[in-house]
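Asks: model the structure of this input:
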Amino acid sequence: MPKILIVDDEAAVARSMQKTLMRAGYVVETAPGCDEGWQALSTATENGPAFDLALLDLNMPGFGGSPASDAGLDLLERIHATWPNLPVLILSAYDDPNRAKEAANRGARGFNVKGREQNVLEQIKSIFAGDQ
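Replies: Here you go, the predicted structure:
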């Protein structure tokens, strides 16, 4: 079963998304910021990262723990420098086409507005089915 990491400092959002994905049959772990997310991802095996997909908040504590408006994009860049084939989706509280474009340019497979768990779930299913 695919393993997903959610990195989001809003506990209620992370818990809601975690429940949605677990009901769909995925193994899900959460982390509250970039440092913790990177640590979780870095428990990699010889075969690659410890997760099959990462779901990152756009605005959360960045590396070093300070709040950062683009922390998710910073973590995305670090992930892709290490594991270029790991699918990453970005979550944001705001539907911002410019941020969505920037996330895609940096390698994200999608940009989703928080609270739309079904859209995220469909996108994840599509990724694992090889459609994206």
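Asks: quick one: residues contacting the nearest residue to Thr43 once chain neighbours are set aside.
Replies: Counting by CB to CB, 6 or more residues apart in numbering, Thr43 lies nearest to Ala50, which is 4.6 Å off, once chain neighbours are set aside. C-beta: built from backbone N, CA, C; applies to glycine. Going by CB atoms under 8 Å, 6 or more residues apart in numbering, Ala50 touches 3, 5, 40-44.
Asks: go on, Gln118?
Replies: Applying CB under 8 Å, 6+ apart to Gln118 gives the contacts Thr20.
Asks: host element of it?
Replies: Assigned by DSSP states H and E, Gln118 belongs to helix 117-128.
Asks: next, the buried residues of stretch 37-53.
Replies: Neighbour-count burial for stretch 37-53, with 16 or more other CB atoms under 10 Å as criterion, is recorded at 37-38, 40-41, 49, 51-53.
Asks: got a pLDDT number for the residue nearest to Thr43?
Replies: Each residue has a pLDDT score; the one for Ala50 is 85.
Asks: next up, phi/psi of it, please.
Replies: phi -70, psi -10 (degrees, to the nearest 10).
Asks: swap in Leu41?
Replies: With angles defined as degrees, to the nearest 10, Leu41 shows backbone torsions of phi -70, psi -30.
Asks: check it and give its pLDDT.
Replies: Each residue has a pLDDT score; the one for Leu41 is 92.
Asks: where's it relative to Val7, distance?
Replies: With distances taken as CB to CB, to the nearest Å, Leu41 is found 9 Å from Val7.
Asks: the spatially closest residue to Met60 that is not a sequence neighbour: neighbouring residues, count only.
Replies: The shortest distance from Met60 to any residue other than its chain neighbours is 4.1 Å, reached at Asp9 (CB to CB, 6+ apart). Around Asp9 there are 17 other residues, counting by other CB atoms under 10 Å.
Asks: may I ask which helix or strand of the chain has the lowest mean pLDDT?
Replies: Ranking every helix and strand in the chain by mean pLDDT, DSSP states H and E puts strand 67-68 at the bottom, with a mean of 82.
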